[in-house]
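Student: okay, sequence plus prediction incoming.
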Amino acid sequence: MKFRAILRYLRTRLVELNLFENSASRTDIHHLCTAIISTRVYLVLLITAISILILTTALEQTTQTVTVQSPSENVFQKLYLKYSSTLQCPCNQAETLYKTFTTISYKLHP
């Protein structure tokens, strides 16, 4: 029974809620009704605006930039497979020097 009384009290408070109460609304019923309607419109617009802000913030995609210095070919291939549309290579050297992966050994015959 106490729960119903609390619900009834809350319902009454919501129906009579007036955020724009002034001296005119205390004496004139027309001003009172206008103030209550203004309160309801204000609360609906406020809740709608807050909901839109929360939704746009929650659904907004963020971009995180990670720089990998001198990745190996395997690492580059994995990154390319996963992030092919956004992968950027800020390399200052586009090709590998020939001397870095070849060595020449020679022996002179006596």
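Tutor: Okay, I see it. Please read these numbers as outputs of a predicted model, since none were measured by experiment. Numbering: from 1, shown residues only.
Student: may I see the buried residues of the helix or strand of the chain with the lowest mean pLDDT?
Tutor: The helix or strand of the chain with the poorest confidence is helix 23-27; it has a mean of 78 (mean pLDDT, DSSP states H and E). Across helix 23-27, burial judged by 16 or more other C-beta atoms under 10 Å covers Ser25. Every C-beta, even on glycine, is put in place using the N, C-alpha and C of the backbone.
Student: pull the distance from that helix to the chain's centre.
Tutor: Put simply, helix 23-27 sits 44 Å off its chain's centre (C-alpha atoms, centre = their mean, to the nearest Å).
Student: for it, packing partners?
Tutor: Counting by 3 or more C-beta pairs under 8 Å, 6 or more residues apart in numbering; DSSP states H and E, the packing neighbours recorded for helix 23-27 are helix 29-59.
Student: centre of the chain to the helix it packs on, how far?
Tutor: Centroid displacement of helix 29-59 relative to its chain, using C-alpha atoms, centre = their mean, is 23 Å.
Student: which secondary structure state does Ile104 sit in?
Tutor: Put simply, Ile104 is coil when judged by DSSP: H, G, I helix; E, B strand; the rest coil.
Student: swap in Gln69?
Tutor: coil.
Student: quick one: residues contacting Phe20.
Tutor: Residues in contact with Phe20 (C-beta atoms under 8 Å, 6 or more residues apart in numbering) are 35, 38-39, 42.
Student: hmm, try it at 7 Å
Tutor: Neighbouring residues of Phe20 by C-beta atoms under 7 Å, 6 or more residues apart in numbering: 35, 38-39.
Student: skipping its backbone neighbours, what lies nearest Thr39 in space?
Tutor: Using C-beta to C-beta, 6 or more residues apart in numbering and skipping the chain neighbours, the partner closest in space to Thr39 is Leu19 (4.5 Å).
Student: would you list the phi and psi of that neighbour?
Tutor: Backbone geometry at Leu19, expressed as degrees, to the nearest 10, gives phi -80, psi -10.
Student: okay, now the unreliable bits of this structure?
Tutor: Counting by pLDDT under 70, the chain contains low-confidence residues at 90-102, 110.
Student: separation between Glu60 and Ser72?
Tutor: 34 Å (C-beta to C-beta, to the nearest Å).
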